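Peer 1: based on what follows, work out the 3D shape:
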Amino acid sequence: MTTATAAPAGLEGLVVTDTAIGDVRGDEGFFHYRGHDATVLARTRRLEEVWHLLALGHLPDAVEVTAFTGRLAAWRERVPADLVAATHRAARSGADTLTTLRTAWSAAATPLGARPWLDLAPAERLDQALGLAAIGPVLVAAGHRAGVADDLASAPAPTAAAYLHLLTGATPPAAHVRALERYLVATIDHGLNASTFTARVVASTGADLAAVLVAALGALSGPLHGGAPSRALDMLDAIGTPGRAEAWVADALARGERIMGFGHRIYRTEDPRAALLRETARDLGGDRFELALAVETTVRELLRRHRPDRVLDVNVEYWAAVVLDAVGVPRPLFTPTFAVSRAIGWMAHALEQTEHNRIMRPSSRYVGAFGSG
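Peer 2: Numbering: from 1, shown residues only. Here you go, the predicted structure:
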């Protein structure tokens, strides 16, 4: 009889799989994709280049990235018009944005030919993984506005530009495209978080990759995981001006409220993604950047004064909210936009799971009562 070893609550610190995709070093304030500093990639590489790195294992040359960009654009153009229309109707019926996206990605499985990955050759698995992630921008945009199907053919090829075009129906400024790309690259993967772990668990059963993606998205919908950058923006709106920051934050702390955009499960220093996106927001400029910078400084000072026993520094959500708002992404789409990025990472983990798969089957420890009869 095998005796299972009790795991720590929340599987904290427990290694459950090997991966060559990336790692997070919380004490150092550092994370990487396949050995490349992720924030350096966000500053210097396009989204498709980093996507290629995660999916195919290496950074592409100029010829490879052109072909890869075209491959992803072709997948976007293949989304059926009736699926786009149905997604928009679901959103109009009152479903929240993540529910609409989850339903749409599930419905996309049939027209994309998804079936259990155990029945697919490796090249077919890769193709479906790329396709499912590539259509994310289309589905999010379809849930936001009508007419997306008409714009698919005219959408520019790079993913970030296509996404902004589909959201607005207009050609986006280059500065907005580059800022959004930085955000998308920085949020592709971040260790074995709850949604990525979910993706690997479902993939371990041999399920189709659409099921993997939808399950991961379900995990992301929980407020303890995906968070809500829009709440950080709501906080900035409530504060209004830099002069009101100290009183507002002090009052919130006195009531025991959480300050949105501060604190992280892994990092014991500033979230490196926050530093990247602060720089990106500075490049974009505007009054909201100045307000956000002043509030950040105030919050840091007050947290260290009132909660000196806890390390609560700024996290990715705070500056992500400012950047996404600046480039024209509506607040209800902040978390779905995060999912557009993270889907790339989910699919990379799912593909890695298929390489040396063993179905995940942990044990539990019974702590209930026994009957007397």
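Peer 1: domain assignment for this structure?
Peer 2: As given by automatic domain parsing, the domain ranges for the chain are 32-223+337-355, 229-326.
Peer 1: deepest in the core, which of these is it.
Peer 2: Mean neighbour count (mean count of other C-beta atoms under 10 Å) peaks for domain 32-223+337-355 among the domains of the chain, with a mean of 20. In short, each C-beta sits where N, CA and C put it, glycine included.
Peer 1: end to end, how far does that one reach?
Peer 2: End-to-end distance of domain 32-223+337-355 (C-alpha to C-alpha, to the nearest Å): 21 Å.
Peer 1: what do you get for stretch 132-140?
Peer 2: The first and last residues of stretch 132-140 sit 13 Å apart, counting by C-alpha to C-alpha.
Peer 1: other residues contacting it?
Peer 2: 51, 72-73, 75-76, 78-79, 84, 87, 97, 101, 104-105, 108, 112, 114, 148, 152, 159, 162-163, 166-167, 209-210, 213, 333, 336-337, 339-340, 343-344, 346-347 (C-beta atoms under 8 Å, 6 or more residues apart in numbering).
Peer 1: how far does stretch 241-256 sit from its chain's centre?
Peer 2: 29 Å (C-alpha atoms, centre = their mean, to the nearest Å).
Peer 1: and for stretch 238-255?
Peer 2: On the basis of C-alpha atoms, centre = their mean, stretch 238-255 sits 29 Å off its chain's mean C-alpha point.
Peer 1: before we move on, what about stretch 338-345?
Peer 2: How far stretch 338-345 lies from its chain's middle: 4 Å, per C-alpha atoms, centre = their mean.
Peer 1: with stretch 67-79 instead?
Peer 2: Mean-position distance between stretch 67-79 and its chain equals 20 Å (C-alpha atoms, centre = their mean).
Peer 1: repeat for stretch 109-119
Peer 2: For stretch 109-119, the distance to the chain centre is 23 Å (C-alpha atoms, centre = their mean).
Peer 1: what's the mean pLDDT across it?
Peer 2: Across stretch 109-119, the average pLDDT comes to 93.
Peer 1: what does stretch 321-332 give?
Peer 2: Averaged across stretch 321-332, the pLDDT comes to 95.
Peer 1: start to end distance for that stretch?
Peer 2: Terminal residues of stretch 321-332 are spaced 11 Å apart (C-alpha to C-alpha).
Peer 1: equivalent analysis for stretch 231-247, please.
Peer 2: Using C-alpha to C-alpha, one end of stretch 231-247 lies 19 Å from the other.
Peer 1: residues in contact with that stretch?
Peer 2: 248-249, 259-261, 288, 290-292, 294-295, 298-299, 302, 317-318, 320-322, 325, 331.
Peer 1: so how far is the helix ranked longest in the chain from its chain's centroid?
Peer 2: Longest among the helix segments of the chain by residue count, using DSSP state H, is helix 334-355. Taking C-alpha atoms, centre = their mean, one finds helix 334-355 lying 8 Å from the centre of the chain it belongs to.
Peer 1: now do the helix or strand hosting Val177: which elements does it pack against?
Peer 2: Under the criterion of DSSP states H and E, Val177 resides in helix 174-186. Secondary-structure packing of helix 174-186 (3 or more C-beta pairs under 8 Å, 6 or more residues apart in numbering; DSSP states H and E): helix 38-44, helix 47-56, helix 159-168, helix 272-284, helix 316-326, helix 334-355.
Peer 1: in the stretch 101-250 of the chain, which spans are helices?
Peer 2: When secondary structure is read from DSSP state H, counting those that start in this stretch, the stretch 101-250 of the chain shows helices at 122-134, 136-144, 148-151, 159-168, 174-186, 194-203, 209-220, 229-239, 245-254.
Peer 1: distance to Phe30 and mean pLDDT for the ones you listed - can I get that in TSV?
Peer 2: Formatted as TSV, the helices of the stretch 101-250 of the chain follow (distance: least, C-beta to C-beta, whole Å; pLDDT from 0 to 100):
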stretch	distance to Phe30	mean pLDDT
helix 122-134	25	97
helix 136-144	27	96
helix 148-151	38	90
helix 159-168	24	96
helix 174-186	13	97
helix 194-203	18	97
helix 209-220	23	96
helix 229-239	22	89
helix 245-254	28	90
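Peer 1: put together CSV for these, with distance to Leu11 on each row.
Peer 2: Output for those, formatted as CSV (distance: least, C-beta to C-beta, whole Å):
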stretch, distance to Leu11
helix 122-134, 25
helix 136-144, 28
helix 148-151, 39
helix 159-168, 33
helix 174-186, 25
helix 194-203, 8
helix 209-220, 14
helix 229-239, 26
helix 245-254, 31
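Peer 1: measure Arg244 to Asp251 for me?
Peer 2: Using C-beta to C-beta, to the nearest Å, one obtains 10 Å as the distance from Arg244 to Asp251.
Peer 1: hang on, the earlier thing: of all the helices of the stretch 101-250 of the chain, which one is nearest Thr269?
Peer 2: Evaluated with C-beta to C-beta, those place helix 174-186 nearest to Thr269, the distance being 16.3 Å.
Peer 1: return the distance of the closest one from the chain's centre.
Peer 2: Using C-alpha atoms, centre = their mean, the distance from the centre of helix 174-186 to the centre of the chain it belongs to is 14 Å.
Peer 1: again, but for stretch 287-306
Peer 2: Distance of stretch 287-306 from the chain centroid (C-alpha atoms, centre = their mean) equals 25 Å.
Peer 1: export it to CSV, keeping only CA atoms.
Peer 2: Only the C-alpha atoms of stretch 287-306 are listed here, as CSV (Å, rounded to 0.1, in the frame of the first residue of the first chain):
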residue,chain,number,x,y,z
ASP,A,287,-2.9,63.1,-17.6
ARG,A,288,-3.7,59.6,-16.3
PHE,A,289,0.0,58.6,-16.3
GLU,A,290,0.8,61.5,-14.1
LEU,A,291,-2.0,60.7,-11.7
ALA,A,292,-1.0,57.0,-11.7
LEU,A,293,2.6,57.8,-10.9
ALA,A,294,1.7,60.1,-8.0
VAL,A,295,-0.8,57.5,-6.6
GLU,A,296,1.8,54.7,-6.9
THR,A,297,4.3,56.8,-4.9
THR,A,298,1.8,57.6,-2.2
VAL,A,299,0.6,54.0,-1.9
ARG,A,300,4.1,52.7,-1.5
GLU,A,301,4.9,55.1,1.2
LEU,A,302,1.7,54.5,3.2
LEU,A,303,1.9,50.7,2.8
ARG,A,304,5.4,50.7,4.2
ARG,A,305,4.3,52.9,7.0
HIS,A,306,1.1,51.0,8.0
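Peer 1: fine by me, thanks again.
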